[in-house]
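K.L.:
need coordinates for the following:
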Amino acid sequence: MENYLVAMGVSAGIFALMALGLNVIWGMAGLINLGLVGFFAVGAYVSALLTIKLQLPIAAGILAGTGVAAAVGAIVALVTVRLKGDYLAIVTLGFAETVRIAASNEISLTNGTDGLSGIARPFGADLTPVQFNLFYLCLVAALVTVLFVLIDRLSHSPFARVLRAIREDEQVAAVAGKHVLLFKIKAFAFGSAALGLAGALYGHYTSFIAPDIFVPLLTLYIKLALLVGGVGNTWGAVVGAIVVVTFLESTRFITPLIPGLSAVQGAALREFLISVSLIVILRFRSQGILPEARSHPVVPEVEAQAERVRV
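P.N.:
Now for the predicted structure:
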C-alpha cells in the first residue's frame, strides 16, 4: 500500500510539472494548447532514445529531452503565430497526433506500437523497487519545487505582465511597443520545456514508453488539473495536479463496488465521473480552487514594505 501511495506521489509530481508548464502557455499568455501530450512524448522519446541507442547518461538524456521539447515548442509557436482560440487548439491537437502517429510508424527508430522497453532507471540496479520509488518521488518533488520557484518568480516579473497583457488584448500590447511574437515564442518554449521534462522523467520512471500512452486524454487531464487548481495561479497548478491524480486513483476503488460492471464499463464510468466533476467545478467554482491574483506587482508586497521602512 505504501508503495502504491508513493507511485501516486510520483504521478502527481509529473502532472504538476505539466500543469506548471501549461500555466505559462495558457494561464499567463492565454495560448490554447491542446498538444500537451505531444511535447510530453517528444521529451520521453528523445531521452529514451539517447540513453538506449547512444548510451548517454540519464541526466544528459533528460536535459536533451527538455531542450528538444523547448525547441519544438518554439517552432510550433512560429508556425501558429497568426492562429487564435479554436484554430490554435485544433492545430496543436493535430501536432500531438502527428507525433503519436510518427512514433507508431517509425519502427526502426521507436519500435513502433511495441514501444521502447528497458529504458534506464537512475540507480535502478542498486535500489529495491520500494527504495527506487522513494528516490524517484524525492527527485520529482525537488524538480517540481525548482520549477515552481522559477515560475512563481516569473509571475511577478515584467515578462509575465507582458504575457498577461497579450492574453487580455495582444493588439494593445503591440501598440504599447511589445514584441508580441517574441513573447509568445518564449512562453511556448518555456512551457514546452516543462512538458518535455515531465515526459523524460516519466520514461525513466516506468522504463517503458509506447505511442498508446500519449493519447489526447492525458492533455485533458492536465487541462482539468489547471482548471481545478486555478488558471494563472502557480499554486493552483500544483494543487490541481494533486487533486486530479487523487481523484483518478480513488475512482479505481469505486467501480468494483458496483456489481455487474465489466472492465470496459468501469473505465467508462470513471471517465463519466471525471466529466461530471469538471462540469460541477466549472459551474460553482469557475476560477478554480485558487483563483489568479488580481495584481502581480514586480516587487513582492513584503519586500516593498521593507523597502519603504528603510526609506
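
K.L.:
mind listing the helices for the stretch 101-250 of the chain?
P.N.:
107-110, 129-155, 158-175, 180-206, 216-229, 234-250 (DSSP state H, counting those that start in this stretch).

K.L.:
hey, which of those helices is tucked in deepest?
P.N.:
helix 180-206 (a mean of 25; mean count of other C-beta atoms under 10 Å). In this view, the C-beta of every residue, glycine as well, is placed from N, C-alpha and C.

K.L.:
the helices of the stretch 101-250 of the chain: which one's closest to residue 72?
P.N.:
The closest of these to residue 72 is helix 180-206. By C-beta to C-beta, the value is 6.4 Å.

K.L.:
now do the closest one, average pLDDT.
P.N.:
Taken as a whole, helix 180-206 has an average pLDDT of 94.

K.L.:
check stretch 67-84 too.
P.N.:
89.

K.L.:
picking that back up, got TSV for the helices of the stretch 101-250 of the chain, with distance to residue 277 too?
P.N.:
Output for the helices of the stretch 101-250 of the chain, formatted as TSV (distance: least, C-beta to C-beta, whole Å):
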stretch	distance to residue 277
helix 107-110	35
helix 129-155	23
helix 158-175	26
helix 180-206	23
helix 216-229	8
helix 234-250	7
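
K.L.:
wait, residue 3 touches residue 131, no?
P.N.:
No: using C-beta atoms under 8 Å, residue 3 makes no contact with residue 131, being 10.3 Å away.

K.L.:
ok, back up a step: quick one: closest of the helices of the stretch 101-250 of the chain to residue 278.
P.N.:
Checked against C-beta to C-beta, the stretch from the helices of the stretch 101-250 of the chain lying closest is helix 216-229, at 5.7 Å.

K.L.:
starting at the chain centroid, how far to that closest one?
P.N.:
On the basis of C-alpha atoms, centre = their mean, to the nearest Å, helix 216-229 sits 9 Å off its chain's mean C-alpha point.

K.L.:
swap in stretch 23-33?
P.N.:
A distance of 12 Å separates the C-alpha centroid of stretch 23-33 from that of its chain, computed with C-alpha atoms, centre = their mean.

K.L.:
ends of that stretch, what's the gap?
P.N.:
One end of stretch 23-33 to the other measures 11 Å (C-alpha to C-alpha, to the nearest Å).

K.L.:
quick one: buried residues of it?
P.N.:
For stretch 23-33, the neighbour count (16 or more other C-beta atoms under 10 Å) marks 23, 24, 25, 26, 27, 28, 29, 30, 31, 32, 33 as buried.

K.L.:
which residues sit against it?
P.N.:
22, 77, 85-86, 88-89, 92, 151, 154-155, 160, 163-164, 166-168, 183-184, 187-188, 190-192, 194, 226, 231-234, 236-237, 292 (C-beta atoms under 8 Å, 6 or more residues apart in numbering).

K.L.:
and if you look at stretch 197-210?
P.N.:
With C-beta under 8 Å, 6+ apart as the contact definition, stretch 197-210 has outside contacts at 10, 14-15, 17-18, 21, 39-48, 51, 58, 61-62, 65-66, 69, 113-122, 124, 136, 139-140, 143, 147.

K.L.:
repeat that for 6 Å
P.N.:
14, 17-18, 40, 43-44, 47-48, 58, 62, 65-66, 115-117, 119, 121, 136 (C-beta atoms under 6 Å, 6 or more residues apart in numbering).

K.L.:
and these, which are buried?
P.N.:
Members of the contacts of stretch 197-210 classed as buried by 16+ other C-beta under 10 Å are 14, 17-18, 40, 43-44, 47-48, 58, 62, 65-66, 115-116, 119, 121, 136.
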